[in-house]
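Engineer: coordinates only, sequence not included:
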């Protein structure tokens, strides 16, 4: 895949592999992804965590960066942790709710 084929869907598929180990669900379905910017071969993802004190935050962000760098055509990947708006359970998909036992 070259950079011109890089899409938001491709990025989401890649970072869907990153699991929040405390909840057992991927970060996309948890609603932690707030934005994706693709500029040539660079991908920037803005994401949050379920709580500011999340002990796995650094590990989750690193996992997202590695997943992004694993996409063909991506040469640079930046994961920015943001806190606005604060995460809340209503941001989860149905898959996320089910994984967290919140159906």
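Structural biologist: Here it is on my side, so go on. Because the structure is a prediction, the values reported are computed rather than measured.

Engineer: So which bits of the helix ranked longest in the chain are buried?
Structural biologist: For the chain, the helix that runs over the most residues, judged by DSSP state H, is helix 57-69. Across helix 57-69, burial judged by 16 or more other Cβ atoms under 10 Å covers 57, 60, 61, 63, 64, 65, 67, 68. In short, each C-beta sits where N, CA and C put it, glycine included.

Engineer: Stretch 82-95 now?
Structural biologist: For stretch 82-95, the neighbour count (16+ other Cβ under 10 Å) marks 87, 91, 92 as buried.

Engineer: would you list the residues you listed in CSV and tack on pLDDT and distance to residue 28?
Structural biologist: Converted to CSV, the buried residues of stretch 82-95 look like this (pLDDT from 0 to 100; distance: Cβ to Cβ, whole Å):
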residue, pLDDT, distance to residue 28
87, 95, 13
91, 96, 11
92, 96, 10
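
Engineer: quick check, nearest of the residues you listed to residue 6?
Structural biologist: The nearest member of these to residue 6, counting by Cβ to Cβ, is residue 91 at 24.8 Å.
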